[in-house]
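Enquirer: sequence and predicted model, in that order:
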Amino acid sequence: MKKLISVIKTYIIFIFSIICILMVWQIASHLLGSDILLPSVFSVLKTFVSLFGNKTFSMDVSFTIYRAFKSFVIIVISSSVLGVFGGKYKAIGLWMNPILTVLKSTPVMSVILLAFIWFQTGTVPVFSAFLMAFPIMYMQMETGYKSLEEEMIQMCNLYGFTKQDQVIHYIIPSLTKSFIIGSKQTLSMIWKVVIAAEVLTVPKYGVGSKMQLSQMQLETGSVLAWTLVAIMLTALGDILFYGITKMIASMSNSKKRSRAL
């Protein structure tokens, strides 16, 4: 019962927060009195709904999702492997440090502009997202591996565990938390960088492309409507990621219970 009350209170606070934001927005729009500076909430919502009837809407959203997903897969695989090796072998960790420092210090816009010179328009968002989000995942996996208890590894060796058994039964479960945290942070970063890159490079299809075209035509309502689409994509990505991790955790727990029986 207490848990249910806590959940209800959380939702009430969340909804109240959104209402406050919308009220401030509406009041500011009324005071400014200009749709170019800040259109009303109802005007933006009307434009937002109309986007779904746009002929290229599905293509724009699909291409943005594809670029974000492609970046995510490349980053997760490469940075996880390198992060583990960086945590295990000191020489690799030292070699990666300057690269990570440069990547973390470089402004996002600089990366996007340079990538725009080097690659085709559609490749720029993927490349930019990779460079910006790679350090996040790498550092989580490197730190996670370094936090493994040496005593546990020695105990595994003492009891005759093979390297494969150590990886499956100790290393991977121990790195799961770092992997999930890094993946979630990486995913949030990717959406922002991909859409920012689309805004600057304006590929044929993309949410960011439509934002830029709307801005050029001084259609502030359309810019805000496409921004809502971007927010929805980010939120749906987080929800999907949360759902997948919960499902995997549930399956893992059920297997453990079945083995115990």
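Expert: Thanks, I have the structure now. Numbering: from 1, shown residues only.
Enquirer: so where is the stretch 151-261 of the chain shaky, pLDDT-wise?
Expert: Scanning the stretch 151-261 of the chain for pLDDT under 70 picks out 151-163, 165-166, 169, 248-261.
Enquirer: what segments of it are helices?
Expert: 163-166, 172-201, 207-216, 220-260 (DSSP state H, counting those that start in this stretch).
Enquirer: same deal with the stretch 1-150 of the chain?
Expert: 2-32, 41-51, 57-88, 90-105, 108-118, 124-146, 150-158.
Enquirer: what pLDDT, on average, does the fourth one get?
Expert: Averaged over helix 90-105, pLDDT sits at 90.
Enquirer: chain center to it, what's the gap?
Expert: With Cα atoms, centre = their mean, to the nearest Å as the basis, helix 90-105 stands 22 Å off its chain's centre.
Enquirer: in it, what counts as buried?
Expert: 92-93, 96, 100, 103 (16 or more other Cβ atoms under 10 Å). To be clear about C-beta, it is placed using only N, CA and C from the backbone, and glycine gets the same treatment.
Enquirer: convert that helix to PDB, retaining C-alpha atoms only.
Expert: C-alpha atoms of helix 90-105 as PDB (Å, rounded to 0.1, in the frame of the first residue of the first chain):
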ATOM      1  CA  LYS A  90      47.500  -0.700 -17.600                       C
ATOM      2  CA  ALA A  91      49.400   0.100 -20.800                       C
ATOM      3  CA  ILE A  92      46.200   0.200 -22.900                       C
ATOM      4  CA  GLY A  93      44.500   2.400 -20.200                       C
ATOM      5  CA  LEU A  94      47.500   4.900 -20.300                       C
ATOM      6  CA  TRP A  95      47.400   4.900 -24.100                       C
ATOM      7  CA  MET A  96      43.700   5.700 -24.100                       C
ATOM      8  CA  ASN A  97      43.900   8.500 -21.500                       C
ATOM      9  CA  PRO A  98      45.100  11.300 -24.000                       C
ATOM     10  CA  ILE A  99      42.500  10.200 -26.500                       C
ATOM     11  CA  LEU A 100      39.700  10.400 -24.000                       C
ATOM     12  CA  THR A 101      40.900  13.800 -22.700                       C
ATOM     13  CA  VAL A 102      40.800  15.200 -26.200                       C
ATOM     14  CA  LEU A 103      37.400  13.800 -27.000                       C
ATOM     15  CA  LYS A 104      35.900  15.000 -23.700                       C
ATOM     16  CA  SER A 105      37.400  18.500 -24.200                       C
END
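Enquirer: now do it against helix 57-88, angle only.
Expert: Going by axes from the mean of the first three to the mean of the last three Cα atoms, to 10 degrees, helix 90-105 is angled at 140 degrees with respect to helix 57-88.
Enquirer: which other helices and strands contact helix 90-105?
Expert: helix 57-88, helix 124-146 (3 or more Cβ pairs under 8 Å, 6 or more residues apart in numbering; DSSP states H and E).
Enquirer: turn these into a markdown table, including distance to M216 and mean neighbour count.
Expert: Formatted as a markdown table, the helices and strands packed on helix 90-105 follow (distance: least, Cβ to Cβ, whole Å; neighbours: other Cβ atoms under 10 Å):
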| stretch | distance to M216 | mean neighbour count |
| --- | --- | --- |
| helix 57-88 | 16 | 19 |
| helix 124-146 | 19 | 24 |
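Enquirer: now render those helices as TSV, adding distance to S34.
Expert: Formatted as TSV, those follow (distance: least, Cβ to Cβ, whole Å):
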stretch	distance to S34
helix 57-88	27
helix 124-146	32
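Enquirer: quick one: closest of those to M189.
Expert: For M189, the closest of these is helix 124-146, at 4.4 Å, according to Cβ to Cβ.
Enquirer: export the closest one as PDB, just CAs?
Expert: Written as PDB, here are the backbone C-alpha positions of helix 124-146 (Å, rounded to 0.1, in the frame of the first residue of the first chain):
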ATOM      1  CA  VAL A 124      28.100  13.100 -39.900                       C
ATOM      2  CA  PRO A 125      25.500  12.400 -37.100                       C
ATOM      3  CA  VAL A 126      26.800   8.900 -36.600                       C
ATOM      4  CA  PHE A 127      30.400   9.800 -36.500                       C
ATOM      5  CA  SER A 128      29.800  12.900 -34.300                       C
ATOM      6  CA  ALA A 129      27.700  10.800 -31.800                       C
ATOM      7  CA  PHE A 130      30.400   8.200 -31.700                       C
ATOM      8  CA  LEU A 131      33.200  10.600 -30.800                       C
ATOM      9  CA  MET A 132      31.100  12.400 -28.200                       C
ATOM     10  CA  ALA A 133      29.600   9.400 -26.500                       C
ATOM     11  CA  PHE A 134      32.500   6.900 -26.700                       C
ATOM     12  CA  PRO A 135      34.300   8.300 -23.600                       C
ATOM     13  CA  ILE A 136      31.200   7.800 -21.400                       C
ATOM     14  CA  MET A 137      30.800   4.100 -22.100                       C
ATOM     15  CA  TYR A 138      34.600   3.500 -22.100                       C
ATOM     16  CA  MET A 139      35.100   5.000 -18.700                       C
ATOM     17  CA  GLN A 140      32.200   3.200 -17.200                       C
ATOM     18  CA  MET A 141      33.500  -0.200 -18.400                       C
ATOM     19  CA  GLU A 142      37.200   0.600 -17.500                       C
ATOM     20  CA  THR A 143      36.200   1.700 -14.000                       C
ATOM     21  CA  GLY A 144      33.900  -1.300 -13.600                       C
ATOM     22  CA  TYR A 145      36.700  -3.800 -14.500                       C
ATOM     23  CA  LYS A 146      39.100  -2.100 -12.200                       C
END
